[in-house]
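Colleague: quick one: sequence and predicted model below, then my questions.
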Amino acid sequence: MAPTSAGEVLKFLCVCVLATRYEFGSRADLWATTARRKYMLAPAFGERTGMSRRRFDALWSCLTFSLQVDDANDSEASRWQLVTDCVTSINAHRASRVTPSDLLCVEESTCKW
């Protein structure tokens, strides 16, 4: 596989976030260039993001968060153990670099509920 740059990792994460805005049956549907409904645009992620489906799938197959401890109980906490480290790191990074002020306003239109 070709080496991955920091910009490509950022693009990969942005494609993952963008995918939350679409309803799809399989991930491959996001790269379709024909619309599933008459009045909706096709997702066409390859054209819109510049990342091919093959490259996305290659990066997705390499994605891992942490080793999950084998636990006999299947609790909510144990199911999210794999992403907890990633979320903690993102929150720590954001807390050290973002200082909200009275000029920053997050509206319903800018975040998915």
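Modeller: Now that the structure is in, tell me what you want to look at.
Colleague: going forward, measure contacts between C-alpha atoms and count neighbours the same way
Modeller: Will do.
Colleague: next one: the one residue sitting closest to the centre of the chain from K38, what distance?
Modeller: Note on the chain: the residue nearest the mean C-alpha position is C16, at 2.5 Å, using CA atoms, centre = their mean. As judged by CA to CA, to the nearest Å, C16 and K38 stand 25 Å apart.
Colleague: remind me which residues of the chain are low pLDDT?
Modeller: Along the chain, the parts satisfying pLDDT under 70 run over 65-79, 82, 100-113.
Colleague: can you list the domains in it?
Modeller: Described in terms of automatic domain parsing, the domain architecture of the chain consists of the residue ranges 6-62, 65-102.
Colleague: just the terminal-to-terminal distance for the longest one.
Modeller: Using CA to CA, one end of domain 6-62 lies 15 Å from the other.
Colleague: now it, how far from the centre of its chain.
Modeller: 10 Å (CA atoms, centre = their mean, to the nearest Å).
Colleague: same for the helix or strand harbouring the residue nearest to the centre of the chain, what does it pack against?
Modeller: Assigned by DSSP states H and E, C16 falls within helix 6-19. Helix 6-19 makes packing contacts with helix 45-49 when contacts are defined by 3 or more CA pairs under 8 Å, 6 or more residues apart in numbering; DSSP states H and E.
Colleague: and with 7 Å instead?
Modeller: Counting by 3 or more CA pairs under 7 Å, 6 or more residues apart in numbering; DSSP states H and E, no packing neighbours are recorded for helix 6-19 among the helices and strands.
Colleague: residues near R97, how many?
Modeller: Other residues lying near R97 total 8 when counted by other CA atoms under 10 Å.
Colleague: neighbours of L63, how many?
Modeller: Every residue meeting other CA under 10 Å relative to L63 is counted, giving 9.
Colleague: buried sites along stretch 53-69?
Modeller: Neighbour counts over stretch 53-69 (16 or more other CA atoms under 10 Å) mark 53, 56 as buried.
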